[in-house]
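A.B. asks: I'll drop the sequence and a predicted model, then ask my questions.
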Amino acid sequence: MQVKLGLKENLNQFILLIIVNAFVGGMVGLERSILPQIAQQEFFIAANTAILSFIIVFGIVKGLTNYFAGVLSNRFGRKNLLVIGWLFAIPVPFILMTTTDWNFIIVANILLGINQGLTWSSTVVMKIDLVGEKNRGLAMGLNEFAGYLSLAIVAFATSWVAAEFGLRPYPFYIGIVLSFAGLFLSLFFIKDTSSYVAKEASGNRIAKLKNIFWDTTLFDRNLGAVTQAGLINNLNDGMAWGLFPILLAAKHFSISEIGIVTAIYPAVWGIGQLFTGKMSDLVCKKSMLFWGMFLQGVALLLIVFASSFLHYIILSAILGWGTAMVYPTFLATVAENTHPHDRAKSLGVFRLWRDLGYAIGAILTGIIADTLGTNTSIITISALTIFSSLFIQGRMKCKSSTPKLTEWIFKINKN
């Protein structure tokens, strides 16, 4: 079979990978809006740091799994890692719906972290393999759109089911369907993409990294800037995941209202990537990352002063749009700055640090919230996010052929 790179040339396989990643995202949405409330109401856990322990574990495990997925994907194949990832997902909903011991909730999130690290990493790398250099941002936008829109839908669905039928077990039945459907598609319909890597590498002129781990983490100007921004992005997402339901419950919003606010953020994040992914192919990636991180920081700061349901909806949407601007751009930037043979490993290193942000964010926000209050915690994370945007502005470089975001918007308006 002749190997051809491109989105149109590999559309059927690309669509199947989008569907699989929708199931991947849905597995995280399973506990997004209701698990902090389960911690309080069924396990009688009061301290924020203790409640956020499931996010801490999830972030550490997912981050480490991302790294090893990058290291092992060239050796064992992308498809094999995808299938193995789904095997780790199957016990998760059964544990969440039945356990009476919080330690088993932690175990479920260890399994979920492994599932997310292997499956999401595999779908990201496989889509990049298929499309080649052109439309890489669009490919990542579609991938992340599917994952995070599904996350939002499932987060809302579980909160609705919980409001109607109770926090457990019924909301987690959704996870049983998602895990078995993801495994079925991955096992019988997804094809490995190693031949596409060889095809792209044959004509690629990007120099290989001297030390993939340290160049991606720190030394390469563009890769290092993207990596720190990825960590800060997921740091504030970890805070939103853990603290927003608690903050809204303290303000006497209902479970369904909490579900709406917590779902709007990833919904805008997901849908927005349909546009921002393609934008990152046309616009300087540095500009996309700066404005996306800056918007996130401002939205988080304003949440401290919000008082009405409408305020939270608007700010949740702004936070989602800022995240949509950066998320596909992160991955496209790493791919743009790495040789095809380095790419899976470099993406693994980036995703290691990015998803460790969940753990760091949960620990930091939990400690600050318990000692100085929720508002102080949110303000701290807001300041870190704005600083991250300024770091990008000072360190990254644009390709000379791509306009900055403001220039691109002005050109569109002029035309």
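C.D. replies: In hand now; what should we look at?
A.B. asks: Hmm, residue 276 and residue 142 touching each other?
C.D. replies: No: using CB atoms under 8 Å, residue 142 makes no contact with residue 276, being 11.1 Å away. Backbone N, C-alpha and C define where each C-beta goes, glycine included.
A.B. asks: The two: which has the busier surroundings?
C.D. replies: Neighbours per residue, other CB atoms under 10 Å: of residue 142 and residue 276, the larger number sits with residue 276, 28 against 24.
A.B. asks: Can you give me the distance of that one to residue 149?
C.D. replies: With the distance defined as CB to CB, to the nearest Å, residue 276 ends up 13 Å from residue 149.
A.B. asks: cool, residue 316 as well?
C.D. replies: Counting by CB to CB, the gap from residue 316 to residue 149 is 15 Å.
A.B. asks: now residue 39
C.D. replies: In terms of CB to CB, residue 39 sits 26 Å off from residue 149.
A.B. asks: neighbours of residue 381, just the number please.
C.D. replies: Counted with other CB under 10 Å, residues neighbouring residue 381 total 26.
A.B. asks: I'd like the next helix or strand past the helix or strand where it lies.
C.D. replies: Per DSSP states H and E, residue 381 falls inside helix 374-395. Toward the C-terminal end, the helix or strand that comes next after helix 374-395 (DSSP H and E) is helix 405-414.
A.B. asks: Identify the residues contacting that next one?
C.D. replies: With CB atoms under 8 Å, 6 or more residues apart in numbering as the test, helix 405-414 has contacts from 279, 282-284, 287-288, 291, 403.
A.B. asks: now that helix: mean pLDDT?
C.D. replies: The average pLDDT for helix 405-414 rounds to 73.
A.B. asks: What residues of it count as buried?
C.D. replies: 405, 408 (16 or more other CB atoms under 10 Å).
A.B. asks: And stretch 34-48, by the same measure?
C.D. replies: 34-39, 45, 48.
A.B. asks: which residues touch it?
C.D. replies: The contact list for stretch 34-48 (CB under 8 Å, 6+ apart) reads 50-52, 54, 96, 102, 105, 158-159, 162, 167-168, 171, 242-243, 245-246, 249, 255, 258, 365-366, 369-370, 374.
A.B. asks: Swap in 7 Å and give it another go.
C.D. replies: Where contact means CB atoms under 7 Å, 6 or more residues apart in numbering, the residues beyond stretch 34-48 that reach it are 51, 54, 102, 158-159, 162, 167-168, 171, 242, 245-246, 249, 366, 369-370.
A.B. asks: Stretch 172-183 too?
C.D. replies: Against stretch 172-183 from outside (CB under 7 Å, 6+ apart): 20, 23-24, 26-27, 30, 83, 86-87, 89-90, 92-93, 96-97, 154, 157-158.
A.B. asks: got the end-to-end distance for stretch 197-215?
C.D. replies: Stretch 197-215 has an end-to-end distance of 21 Å (CA to CA, to the nearest Å).
A.B. asks: just stretch 34-50 next, same as before
C.D. replies: Stretch 34-50 has an end-to-end distance of 15 Å (CA to CA).
A.B. asks: From the chain's centre, how far out is it? Work that out for me.
C.D. replies: With CA atoms, centre = their mean, to the nearest Å as the basis, stretch 34-50 stands 24 Å off its chain's centre.
A.B. asks: Nearest to residue 202, out of the buried residues of stretch 34-48: which one, please.
C.D. replies: Ranked by distance to residue 202 (CB to CB), these are led by residue 35 at 47.1 Å.
A.B. asks: and the gap between that closest one and residue 362?
C.D. replies: Going from residue 35 to residue 362 by CB to CB gives 12 Å.
A.B. asks: Any figure for the gap between residue 269 and residue 152?
C.D. replies: From residue 269 across to residue 152, the span is 8 Å (CB to CB).
A.B. asks: so where's this structure shaky on pLDDT?
C.D. replies: 1, 400-401, 413, 415 (pLDDT under 70).
A.B. asks: Between helix 374-395 and the longest helix along it, find me the angle.
C.D. replies: If you go by DSSP state H, the chain has its longest helix at helix 340-372. For helix 340-372 against helix 374-395, the angle by axes from the mean of the first three to the mean of the last three CA atoms, to 10 degrees is 150 degrees.
A.B. asks: In helix 340-372, which residues are buried?
C.D. replies: Buried, per 16+ other CB under 10 Å, within helix 340-372: 340-366, 368-370.
A.B. asks: out of everything not next to it in sequence, what's closest to residue 253?
C.D. replies: In space, residue 253 comes closest to residue 309 once its chain neighbours are excluded; the distance is 6.9 Å by CB to CB, 6 or more residues apart in numbering.
A.B. asks: Correct me if wrong: that neighbour contacts residue 258.
C.D. replies: No: at 10.2 Å, residue 309 and residue 258 do not qualify as touching, with contact defined as CB atoms under 7 Å.
A.B. asks: So if I had to pick from these two, which one is more boxed in?
C.D. replies: Comparing residue 309 with residue 258 by neighbour count (other CB under 10 Å), the higher total belongs to residue 258, at 26 against 15.
A.B. asks: Now, the buried residues of stretch 34-48 that are in helices?
C.D. replies: Counting by DSSP H, these place 35-39, 48 in helices.
A.B. asks: what's the farthest-apart pair in those residues?
C.D. replies: For these, the farthest-apart pair by CB to CB is 38 and 48; their separation is 14.8 Å.
A.B. asks: Tell me which residues touch residue 21, please.
C.D. replies: Residues near residue 21 by CB under 7 Å, 6+ apart: 120, 123, 143, 146-147.
A.B. asks: again, only using 6 Å
C.D. replies: Counting by CB atoms under 6 Å, 6 or more residues apart in numbering, residue 21 makes contact with 123, 143, 146-147.
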